[in-house]
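> give the three-dimensional model of this entry:
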Amino acid sequence: MSDYIRTPEPSTTPESRTIAPTPHSDASGKKGTAKRAKAALKSSRERAAQTLNDAAETTSRVVDEKRHDLEKAYRQTATRTSDFAREHPFAVGAMGLVAGFALGALLPRTKMENGTVGATRDDLLQKASEVGNQALKETRRVAEETVQKMNGSDSQKQNDDEDALEEGLEDSFPASDPISVTSVSKAS
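Just a heads-up that it's a prediction; the model follows:
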């Protein structure tokens, strides 16, 4: 096994690099370097400005798109709300009434209110609670009856269909009914 010592390429070693002498004097060389540095700085500034302009345009475009989307969603929501209010005015009124009661219930009572309308208010709240509970019970009862009728009418309809099918079969095939074939009828 031989040992190989790898040496760098001659063109990459620092010793082999030579700097070509400039034909200009030392002062003009510094001016050229300064001009190149100035041009590189100007080019960097222009690229940075272009990048910032591109970023600003992109941001502006995205913000405009988002604003457009939000405005569209706002218009759709306003239209839907308006349509709902036109189609269901009593529901909107009821919601307003409920919201008013809730807001009123959240406000603290005053001494003057308690003295003036305290007993009346308590009676009204009690009656409203009773009416609400009664309406809830009535709604449940009607819903349960409706479900029972739907289930009952479905099963009744199914029974009626089966009876009609059996009658049709008896008319068409009297021997298919084992009871009628085996039963003895009395002649009077």
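
> and stretch 107-118, what's its mean pLDDT?
For stretch 107-118, mean pLDDT rounds to 79.

> go on, stretch 163-181?
Stretch 163-181 comes out at a mean pLDDT of 56.

> swap in stretch 91-100?
87.

> in that stretch, what counts as buried?
Residues of stretch 91-100 include none that count as buried (16 or more other CB atoms under 10 Å). (Each C-beta comes from the backbone N, C-alpha and C, glycine too.)

> tell me, please, the helix or strand in this structure that averages the lowest pLDDT.
Every helix and strand of the chain was ranked by mean pLDDT, DSSP states H and E. The lowest is helix 178-182, at a mean of 51.

> can you get me the start-to-end distance on stretch 99-113?
Its start and end residues considered, stretch 99-113 measures 20 Å (CA to CA, to the nearest Å).

> can you mark which positions in that stretch are buried?
Quick answer for stretch 99-113: no buried residues (16+ other CB under 10 Å).

> which other residues reach that stretch?
For stretch 99-113, contacts defined as CB atoms under 8 Å, 6 or more residues apart in numbering pick out G118, R121.

> now the helices for this structure?
With helices called from DSSP state H, the chain shows them at 26-87, 89-106, 111-172, 178-182.

> the ones you listed: lowest mean pLDDT?
Within the helices of the chain, confidence is poorest for helix 178-182, with a mean of 51 (mean pLDDT).

> and G118, how many neighbours?
Neighbourhood size, G118 [other CB atoms under 10 Å]: 13.

> revised request: answer the last question for R121.
Count around R121 with other CB under 10 Å applied: 14.
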